[in-house]
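Trainee: Based on what follows, work out the 3D shape:
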Amino acid sequence: MQFLKDIKKDILEFLISLKYVITFKFIKDWFKPAPKTKELLTKDVFIKEGKKFKAGFIDIVETVVFVLVMVIIIRFFVGEIRWIPSGSMKPTLLEGDRIVVERYSRFNSTPKRGDIMVFYPPFEELKNTPGKLFARLTGFFCKDIAYIKRVVGMPGDKYEIKADEYGKYTVYINDKPLNEPYIKSPYDYTPCTEAMFCGPAVIPPKHYLMLGDNRGNSQDGRYWGLLPEDRFIGRAVFLFWPFNRIKSLAK
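Mentor: As a prediction, the model looks like this:
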């Protein structure tokens with residue numbers, strides 16, 4: 001059922017991207033007055049209408065290609081729209097929220113502590129077949145898993161996640177407690193085990209510790225380790241839906 005829902009969502013996104021093109025072309029090329037009755041059976045009229053149909057079809061194809069190229073350019077260099085599929089970032093982001101993810105900063109800067117980032121998790125195999133690349137660039141029918149978490153640990157940081165005697169968990173960066181006013185609760189944590197990546201450890205160059213704000217229900221860096229820098233997609237900067245929760249996500 002989830003697969004069918006994903007397909008439906010992809011089709012709707014594709015149709016929305018093309019609706020203005022289709023509407024414009026139909027109004028311009030297909031709703032013209034028909035030839036007069038006495039001209040309908042003449043060979044010249046058939047040839048003329050055939051050429052008009054061919055020219056109109058080519059025009060539509062060219063416009064669709066132009067739209068797809070623009071979509072790729074905007075998504076790759078500027079930004080994109082994403083929706084939140086789970087509650088792992090509560091209370092900052094809720095399931096079903098729509099956000100703007102900017103991508104231009106990755107060309108001239110690196111993520112900062114506290115940034116909310118969208119990325120491909122390290123266990124996700126990214127195949128570079130033509131179909132997969134097209135889906136990843138346009139967003140249409142893309143099935144690659146993407147996560148959204150917060151940057152907590154930076155390259156070179158020593159980090160450790162541990163609880164005190166009362167069960168209150170704290171993230172320590174370079175042996176100092178990290179102030180995290182955005183988390184759901186310091187007591188609502190999944191307990192660290194030896195199999196988890198809770199530290200103490202030093203983060204190597206070009207790697208980051210990514211954690212969800214809802215520490216009691218988040219599949220994050222505690223489970224799959226540190227995130228390589230080349231896995232980042234973009235930075236969440238604005239929540240625009242629902243309207244009653246509109247806010248900036250940028251620091």
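Trainee: From here on, just use CA atoms for contacts and neighbour counts.
Mentor: OK.
Trainee: For the stretch 101-250 of the chain, just list every one of the strands.
Mentor: With strands called from DSSP state E, counting those that start in this stretch, the stretch 101-250 of the chain shows them at 116-119, 147-153, 158-163, 169-173, 176-177, 201-202, 207-211, 227-228, 232-241, 247-248.
Trainee: distance between the last one and the chain's centre?
Mentor: Spelled out, it's strand 247-248. When distances are taken as Cα atoms, centre = their mean, to the nearest Å, strand 247-248 is centred 17 Å away from the chain's centroid.
Trainee: Which strands border it, and is each parallel or antiparallel?
Mentor: strand 232-241 (antiparallel) (DSSP bridges).
Trainee: List the buried residues in the partner strand.
Mentor: For strand 232-241, burial by neighbour count (16 or more other Cα atoms under 10 Å) applies to 232-240.
Trainee: can you pull the contacts of the residue nearest the centre of the chain?
Mentor: Central residue of the chain (Cα atoms, centre = their mean): residue 82, 4.5 Å from the mean position. Listed by Cα atoms under 8 Å, 6 or more residues apart in numbering, the contact partners of residue 82 are 98-101.
Trainee: Angles on the backbone of it, please.
Mentor: For residue 82, the backbone dihedrals are phi -130, psi 160 (criterion: degrees, to the nearest 10).
Trainee: For it, give me the pLDDT.
Mentor: Note for residue 82: predicted pLDDT of 91.
Trainee: Also residue 87?
Mentor: Reported pLDDT for residue 87: 94.
Trainee: Next: residue 79.
Mentor: pLDDT, residue 79: 84.
Trainee: just residue 74 next, same as before
Mentor: On the pLDDT scale, residue 74 gets 75.
Trainee: burial count for residue 63?
Mentor: Residue 63 has 16 neighbouring residues, counting by other Cα atoms under 10 Å.
Trainee: among the contacts of residue 82, which are in strands?
Mentor: Residues of the contacts of residue 82 located in strands (DSSP state E): 98-101.
Trainee: Helices of the stretch 51-200 of the chain, residue ranges please.
Mentor: For the stretch 51-200 of the chain, the helices defined by DSSP state H, counting those that start in this stretch cover 130-138.
Trainee: Contact partners for residue 148?
Mentor: 89, 116-119, 212.
Trainee: Redo those as TSV? Include distance to residue 224.
Mentor: As requested, the contacts of residue 148 are exported to TSV (distance: Cα to Cα, whole Å):
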residue	distance to residue 224
89	17
116	18
117	16
118	16
119	13
212	13
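Trainee: Can you name the two of these that sit furthest apart?
Mentor: Comparing all pairs in the contacts of residue 148 by Cα to Cα, the longest separation belongs to 89 and 119, at 14.1 Å.
Trainee: who's more crowded, those two?
Mentor: Each of residue 89 and residue 119 has its neighbours counted (other Cα under 10 Å); residue 89 has more, 24 against 21.
Trainee: so how far is residue 234 from the more buried one?
Mentor: Look at residue 89 and residue 234: by Cα to Cα, to the nearest Å, they are 16 Å apart.
Trainee: now residue 66
Mentor: 24 Å.
Trainee: do the same with residue 83
Mentor: For residue 83, the distance to residue 234 - Cα to Cα - is 14 Å.
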